[in-house]
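> generate a structure from the sequence data that follows.
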Amino acid sequence: MIPNVFQEIIDLGDGRTISLETGKLAKQADGSVVVRMGDSMLLATVVSARKASPVDFLPLTVDYREKFAAAGRFPGGFFKREARPSDSEVLTMRLVDRVLRPLFPDDYHAETQIMIQLMSHDENVMPDAMAGLAASTVLALSDIPFSTLISEVRVARVDGQFIINPSKQQLDLSDIDMMIGASKDSIAMVEGEMKEISEKEMVEAIKFAHEAIKIQIAAQERLVAAIGKKETRTYDEEREDEVIYAKVKAAAYDKIYNIAKVGSSKQERTAAFADVKEEVKALFTEEELAENGDLVSKYFYKTNKEAVRNVTLDLGTRLDGRKTTEIRPIWCEVDYLPRVHGSAIFTRGETQALATVTLGTSREANQIDSPSEQGEEKFYLHYNFPPFSTGEAKPLRGTSRREVGHGNLAQRALKNMIPAENPYTIRIVSEVLESNGSSSMATVCAGTLALMDAGVQMIKPVSGIAMGLITDGDRFAVLSDILGDEDHLGDMDFKVTGTADGITACQMDIKIEGLAYDIMEKALAQARDGRLHILEKLVETLDKPRVDVKTYAPKIIKVIIPGNFIGALIGPGGKVIQELQKATGTTIVINEVDEKGEVEILGTDPDGIAKVLAKIDSIIFKPQVGESYEVKVIKLLDFGAVVEYTQAPGNEVLLHVSELAWERTENVTDVVKMGDVFLVKYLGVDPKNRKDKVSRKALLPRPPRENRDNNENKGDKK
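As a prediction, this is how the structure comes out:
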């Protein structure tokens, strides 16, 4: 029996469309939809438990996976099965999660799982741009409580023209790559990279994307209307007690307000707030706390948030005593680690990152192999956030989604400042040693200094800053260089990176509905001022890249050889190249490019590199007919001498006895001896034996005719 299938079409306005289809697949889920653009198809489902979880937050899981079968490929590895998510899949999960999470009711704590799967891949369609649309649609089709529909789009700019959901080919030509998430009324999320664009251009791109999002939301609404909107499910709402709330607020608000307005370190105010909480708890009996302790804690947090926010709105003062535009004290140091290829410490207030740079050959490039993308990265950044950075002890369970996301943001901030002619594969590792506000931006700053310390010829240095927002609807304050508490208690986390000339990357999360564009523009302008202030501190520490790499860092030389010499350089079973690497202490990588051999020589010893270059010259040496070359005698034979080209050691040729001298030569040793060095003329290939022919006598004065006749007569008599 054919199911009832409902479909809506979104016209992108340039001949491309996106379809939303429901009713055919995965009908036991609370909501399901197939989103299709070209031949790319995503299946999205949502299921939410009917009972609340015991945790006091929303246990939401957004899972995005790309199936290799979607691209007609087999998974790599021994088991030939998709395993843990790739970094690109994790980044897509984060993009969707960050937009959706604030839109659930605060007291909705049911286990909720949104699964999005790439089922068919079209190489002209980038599927991650449709994941947010798919997630919002399945929620709209379900009975799960959800405040407003959203969508996400990618926006690019090619030749000055904005494009929604560009192809990979178009994106390669673009100076903007941004993902925008929004509702009809306001922007909720921005993330992307840019090639030094202005704040005005960034806002224009966001506005263009927002108009496309409104069209996609309208299509979701039409689809829901065609099916009939399900009645929102009832759920176990959080218990409330206004009497307890009033008691907690009366006891704590003024004390918290007074602590917050003084300005103190993280440790001091944490201890002070903890003391106030203990005083509040002391107002209740043990029996009351046993029954309502969770409410007391919840209301204390609510009071704490309100008091701290009001200090900033009332007085323009922040938790650590700074004004809204003030940046925390900064100190930097380069060349801290003696043996690494480049290192830097960046410390801003109570946030510290130690970045290292490692240089390598193309063999060390990060390989990307997913259904939607194959290739490699010659510049990549890894970000580590150990628990001690916040003074905590937690189990280590591998790289978190947050670490992947923060590392990706810092990588995108820096990558366009690596020159195209850079010969190295570059890996940056950021170790966050202290954290109290925007360790990802500290990573960008430390990464810039470490790159310059390593001798990487960056085009321009890059700095980054995290901006915050506190608003009560009528008043607002934009905060520069936010603390961890300000991120947690605030309404916005807006990270912006760039050079002195423009923005290179950004990431914004909005925790409220209805962020006005004028506030966004103010935040961007304030961010620019802060970014330039931080950039000055970086340049004071190291104003330009070092001229050369360090003693312990490898030097890399690239040479191009004809493709037909690749085999000779490698040798039978790799014998030649392996012995050469061992003898010279170098690493040699050969890549075939356009029927030529691109040879990378990496080593710390200049003499070793020179020996490799000499060997390559020897292998690819090809004498020209009529030219003269210096040779050295390395073997004597009855019928001539074996000589070696001095400019190409290892290249040997037979100098026949008849080409030694104009006079008749009876014994080779009468003319040359072992080790003799002299010039010969290259005569080309002898057509008789197809071997190279050289002559010594061709470069000697030709004797008079009578002398030649006498020599010949002597030979006849003998």
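> can you list the buried residues in stretch 15-34?
Across stretch 15-34, burial judged by 16 or more other CB atoms under 10 Å covers 18, 20-23, 26, 29-34. In short, each C-beta sits where N, CA and C put it, glycine included.
> next, give me the two most distant ones among these.
By the measure CB to CB, Ile18 and Asp30 form the most distant pair in these, at 22.6 Å.
> quick one: contacts for Arg363?
425, 587, 589 (CB atoms under 8 Å, 6 or more residues apart in numbering).
> partner residues bridging the first one?
If I follow you right, that is Thr425. Here Thr425 sits in beta bridges with Gly360, going by DSSP bridges.
> and the pLDDT for it?
Per-residue confidence (pLDDT) for Thr425: 94.
> helices and strands of the chain: which one bottoms out on pLDDT?
Taking mean pLDDT, DSSP states H and E as the measure, the helix or strand of the chain with the lowest value is helix 705-717, at a mean of 54.
> tell me where the stretch 51-200 of the chain has helices.
Along the stretch 51-200 of the chain, the stretches classed as helices by DSSP state H, counting those that start in this stretch are 87-100, 131-141, 168-172, 199-227.
> can you tell me which of these is most buried?
Highest mean neighbour count of the helices of the stretch 51-200 of the chain: helix 131-141, a mean of 28 (counted as mean count of other CB atoms under 10 Å).
> quick one: contacts of that helix?
Applying CB under 8 Å, 6+ apart, the set of residues contacting helix 131-141 is 18, 20, 22, 29-33, 35, 42, 44-46, 62, 64, 92, 95-96, 99-100, 114, 116, 146, 149-153, 181, 216-217, 220-221, 223-224, 227, 230.
> rerun at 6 Å
20, 22, 31, 33, 35, 42, 44, 46, 64, 92, 96, 99, 114, 116, 146, 149-152, 181, 216, 220, 224 (CB atoms under 6 Å, 6 or more residues apart in numbering).
> sorry, back to before: would you format the helices of the stretch 51-200 of the chain as TSV with distance to Tyr629 and mean pLDDT included?
Below are the helices of the stretch 51-200 of the chain laid out as TSV (distance: least, CB to CB, whole Å; pLDDT from 0 to 100):
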stretch	distance to Tyr629	mean pLDDT
helix 87-100	54	95
helix 131-141	65	97
helix 168-172	47	94
helix 199-227	60	96
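> list the buried residues of the longest strand along the chain.
Ranked by residue count, the top strand of the chain under DSSP state E comes out as strand 40-52. Under the neighbour-count criterion of 16+ other CB under 10 Å, strand 40-52 has 40-48, 52 buried.
> any chance of those in a markdown table, plus pLDDT and distance to Ser438?
Below are the buried residues of strand 40-52 laid out as a markdown table (pLDDT from 0 to 100; distance: CB to CB, whole Å):
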| residue | pLDDT | distance to Ser438 |
| --- | --- | --- |
| Ser40 | 96 | 35 |
| Met41 | 97 | 38 |
| Leu42 | 97 | 33 |
| Leu43 | 98 | 36 |
| Ala44 | 98 | 32 |
| Thr45 | 98 | 35 |
| Val46 | 97 | 32 |
| Val47 | 97 | 35 |
| Ser48 | 96 | 33 |
| Ala52 | 89 | 33 |
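> dihedrals phi and psi, Ala614?
phi -60, psi -40 (degrees, to the nearest 10).
> gap between the nearest residue to it once chain neighbours are set aside and Val631?
The shortest distance from Ala614 to any non-neighbouring residue, by CB to CB, 6 or more residues apart in numbering, is to Pro649 (6.7 Å). Distance of Pro649 to Val631, computed by CB to CB, to the nearest Å: 11 Å.
> which of those two has more neighbours?
Val631 (26 against 16; other CB atoms under 10 Å).
> wait, a strand at the more buried one?
Yes: according to DSSP: H, G, I helix; E, B strand; the rest coil, the state of Val631 is that of a strand.
> what's the pLDDT at it?
pLDDT, Val631: 93.
> that one reaches Tyr682, doesn't it?
No: applying CB atoms under 6 Å, one finds Val631 not in contact with Tyr682, separated by 10.1 Å.
> specify the beta-bridge partners of the residue nearest to Pro554 when sequence neighbours are not counted.
In space, Pro554 comes closest to Leu602 once its chain neighbours are excluded; the distance is 4.5 Å by CB to CB, 6+ apart. For Leu602, the beta-bridge partners are Ile556, Thr587 (DSSP bridges).
> and the gap between Leu602 and Ala420?
The value you get for Leu602 to Ala420, if CB to CB is used, is 19 Å.
> between those two, who's got more neighbours?
Neighbour tally, Leu602 and Ala420, criterion other CB under 10 Å: the higher count belongs to Leu602, 26 against 5.
> contact partners for the more buried one?
361, 554, 556, 587.
> report the two of those residues separated the most.
Ile556 and Thr587 (9.1 Å).
> who has more neighbours out of those two?
Shown here are Ile556 and Thr587; by other CB under 10 Å, Ile556 has more neighbours (22 against 17).
> isn't the more buried one right up against Pro423?
Yes: look at Ile556 against Pro423 with CB under 6 Å: they come within range, at 4.7 Å.
> element containing the closest residue to Ile345 other than its chain neighbours, please.
Counting by CB to CB, 6+ apart, Ile345 lies nearest to Glu333, which is 4.6 Å off, once chain neighbours are set aside. Assigned by DSSP states H and E, Glu333 belongs to strand 330-334.
> need the contact partners of that strand.
Taking CB under 6 Å, 6+ apart as the rule, strand 330-334 contacts 344-348, 449, 453, 537, 541-542.
> in its sheet, which strands sit next to that strand, and in what direction?
strand 342-348 (antiparallel).
> as a whole number, average confidence for the strand it pairs with?
Mean predicted lDDT for strand 342-348 stands at 97.
> output the below-cut-off pLDDT ranges for the protein.
In the predicted model of the chain, residues 1-2, 514, 705-718 satisfy pLDDT under 70.
> mind doing that once more with 50?
715-718 (pLDDT under 50).
> re the thing from before, which of the contacts of strand 330-334 lies closest to Asn292?
Among these, and counting by CB to CB, the member closest to Asn292 is Arg348, at 41.1 Å.
> gap between the closest one and Asp543?
19 Å.
> of these two, which one has the most company?
Taking other CB under 10 Å, Arg348 and Asp543 do not tie; Arg348 has more neighbours (26 against 9).
> residues contacting that one?
Residues in contact with Arg348 (CB under 6 Å, 6+ apart) are 328, 330, 442.
> can you rerun that using 10 Å?
327-332, 434, 436-439, 441-442, 445-446, 465, 481, 534, 537 (CB atoms under 10 Å, 6 or more residues apart in numbering).
> which of those residues fall in helices?
Counting by DSSP state H, these place 439, 441-442, 445-446, 534, 537 in helices.
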